[in-house]
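Novice: Turn this into a model:
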Amino acid sequence: MILRLPSPSLPSSFLSPSAPNPPRRFSSSSFPRPRHRLSILRCAAGNDVVELDAFTKKSGYLFELSAPEANSIADYDISKIGAIYRRKPLILLRRLSQIAFTFGKWFAVRYIDNLTERSDRMFELRAAELRNILVELGPAYVKIAQAISSRPDLIPPSYLDELSLLQDRISPFFTEVAINTIEQELGLPIEVLFSEISPEPVAAASLGQVYQARLRRTGQLVAVKVQRPGVQAAISLDILILRFLAGLLRRIRKLNTDLQAVVDEWASSLFREMDYRTEANNGIRFRQLYGGIPDVLVPEMYLDYTTRRVLVMEWVEGQKLSEVNDLYLVEVGTYCSFNQLLECGFYHADPHPGNLLRTYDGKLAYLDFGMMGEFNQELRIGFIEASLHLVNRDFGALAKDFVTLGFIPPTADKEAVTKALTGVFQNAVAKGVRNISFGDLLGDLGATMYKFKFRIPSYFSLVIRSLAVLEGVAIGFNPDYKVLGSTYPWIARKVLTDSSIELKSSLQALLYEDGVFNIDRLESLLSEALRARTEKVMSRKQEDDANSRVVVKQVLSFMLAEKGAFVRDLLLQEFVKGLDALGLATLDSIMTSIPFAATLSISTMTNEDKINLRTLRRLLRLLSGLQRNENSKPFIRDDTPYKNQQTNSDEAALVFNQLASVQEILPLLSVLPELPPESQQQLLNLPADLTGRLISRAAARTIRRIVL
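Specialist: Below you'll find the predicted structure:
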């Protein structure tokens, strides 16, 4: 239901949708105020009794601050917060008593349930009681509960069901208070701003509540978010207490992680979330960066109607993502999260189910941009390298990555850390990258982190939250979903295509072990990268197609594009080595067919040439589209081709057979007209480039053998 508001007398410039100035330029005294307007709003709600929210009813009196005090903590500053509440010791004592008594009573009842052996019967009731306790204690505790309410693998079902209600079903505060807040913040009567508005909030959350309305000036249907009264003072007091407890816990348990810094990071993001102007600007930036991704919807923000405590944005219709079984949109969310974390570094740090909607036309809509995070370039590269080293079981390099990311101090015993990480990750990686659970990894790391004094950097707490919540949403209807496994294809694609010096160096170090090219790792990266759904291939009707034409087209599209130049250069280099070795193997084969020459048993091939010949065979196999299929393991096999003991002639014969298989796919090169002109030109240049490199190598080898 939406209530139509009476029309005031308005200047024509206000009614014009193209009016350049914001509506706040008018003074509220310029407009007649209809009598009993708020009474009409209340009557329009019907006979339903609107419950006063438990936070205001039970705890609101604790958090009253003067205007100067409230303004001094508009931004997070723990010293200013501490200064305010040091002057209010009774309020601090009351709050501590309230928290201790409320939780103490609940834990005591749970203990009695255990003693009387009725825990199972009372489980659902206690879960509901816990939810009510969190609501009564206020927004800070609701936010903490929301952070864990998306993990069905960690939270018992009854508790999960209750805590999920905290996403968007918290009791609202009075609409009259909300209307007054809107008018005070925007400086205009409600009927001047909107032609229609819902008489009750359509959703209520921990920090504010949302109304559906229609802008009078443009007729656009919008969501109007209004902040709860007293919320900033309440959260500031609770953060002061939580920060004290974090420091106490760190000293008692002798933890290396700076828990107070973690609280500060969370608190800073929470304070930014309470400034709706910041949220609006975040939403605009998020829309610019990710709004163009297919099947992603980011609502438009209306800065003219936004202040610190009021936010107006485009109205979005849909269902919570957790309530619809749409794995495709989860994949879309994973891809969008990859872009946020590893491409742009600006990410949504609070993607709980209440903030992710499936629109009725099948798109993934992001809402609520108050809690965002920044991931700088150095940390993004460190995260990518750590993922690569984990998948490829290079635990020594992984230990160094942990230093780069700030998890362990540079003075830590790298050898001991490597041994410990090997023990933790060996079994997880053995199951395959697609089966690695982000949540399980965090759990398995617990003992090792304590032993080696790991620390969780404050910046990483929001990253962990973002990934864990996304995986939790997916696990809700697909218990086998793994966010790291779904993200790795894009990590592989980024490593293969990124132009940064750091990632090029990482790729080269990954592909060359002791100077020897590791074709298995390249094959793994390529197969995973081609599995990634990118902007160009993301389609709801898309099915995995393993036929050779598709494989060849994808490989060519990647290799011939500018972003594949570095990998293309590496492959040309290995092709040249292999063709040179093939020539030597052919010469050896001819010599062995001559009776007199065969008795000399002289081979022109070195061990390096033999390795290069086998690499050529594998590269040809890859080109022919015969690489491992989707059901095989996507990372390194132990039976590497370098251990095979075939003769040179046998190896050469296999290469020629592989060349024949390449010839069989030549008709599939009809995909060439579908490639961009620059890619076609690059393909035409390859033979000359390959020939020039081959001649240079053969000449250098000949000169070297003559001289030596």
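
Novice: Is Val210 part of a helix or strand, or is it coil?
Specialist: With DSSP: H, G, I helix; E, B strand; the rest coil as the basis, Val210 sits in strand.

Novice: The closest residue to it other than its chain neighbours: neighbouring residues, count only.
Specialist: In this structure, Val210 finds its nearest non-sequential neighbour in Ala203, 4.6 Å apart by CB to CB, 6 or more residues apart in numbering. Bear in mind the C-beta positions are built from the backbone N, C-alpha and C, glycine included. Neighbourhood size, Ala203 [other CB atoms under 10 Å]: 18.

Novice: How about Glu117?
Specialist: Applying other CB under 10 Å, we find 8 residues neighbouring Glu117.

Novice: where's it, which helix or strand?
Specialist: Using DSSP states H and E, no element contains Glu117; it sits outside every helix and strand.

Novice: Can you give me the distance of it to Arg95?
Specialist: Distance, Glu117 to Arg95, by CB to CB, to the nearest Å: 35 Å.

Novice: next one: Ala128
Specialist: Taking CB to CB as the measure, Ala128 falls 24 Å from Arg95.

Novice: Between those two, point out the one with more neighbours.
Specialist: Arg95 (22 against 15).

Novice: all strands of the stretch 151-300 of the chain, in order?
Specialist: Listed in chain order, the strands of the stretch 151-300 of the chain (DSSP state E, counting those that start in this stretch) span residues 194-197, 203-204, 208-215, 221-227, 296-297.

Novice: Leu134: which of these is closest?
Specialist: Evaluated over the strands of the stretch 151-300 of the chain, closeness to Leu134 peaks at strand 203-204, with 14.4 Å, by CB to CB.

Novice: what's the average pLDDT for that closest one?
Specialist: Regarding strand 203-204, the rounded mean pLDDT is 84.

Novice: What helices and strands are in contact with that strand?
Specialist: For strand 203-204, the elements it packs on are strand 208-215, judged by 3 or more CB pairs under 8 Å, 6 or more residues apart in numbering; DSSP states H and E.

Novice: quick one: average pLDDT of the helix or strand containing Val463?
Specialist: Assigned by DSSP H and E, Val463 falls within helix 458-475. Helix 458-475 carries an average pLDDT of 69.

Novice: now swap in stretch 233-242 and tell me
Specialist: For stretch 233-242, mean pLDDT is 90.

Novice: Buried residues, it. List them.
Specialist: Ala233, Ala234, Ile235, Ser236, Leu237, Asp238, Ile239, Leu240, Leu242 (16 or more other CB atoms under 10 Å).

Novice: what stretches of the stretch 51-200 of the chain score poorly on pLDDT?
Specialist: 51-64, 147-158, 160, 164-169 (pLDDT under 70).

Novice: who are the neighbours in contact with Tyr159?
Specialist: The contact partners of Tyr159, by CB atoms under 8 Å, 6 or more residues apart in numbering, come to Ala127, Leu130.

Novice: going forward can the numbers begin at 93, since that is how I track them
Specialist: Renumbered: residue one is now 93, and that last one reads Tyr251.

Novice: Tell me how far it lies from Glu228.
Specialist: The spacing between Tyr251 and Glu228, counted by CB to CB, is 17 Å.

Novice: where does the stretch 493-642 of the chain dip in pLDDT?
Specialist: 519-520, 522-548, 550-551, 553-554, 557, 561, 568-569, 624-642.

Novice: go with 50
Specialist: Applying pLDDT under 50 to the stretch 493-642 of the chain picks out residues 626-640.
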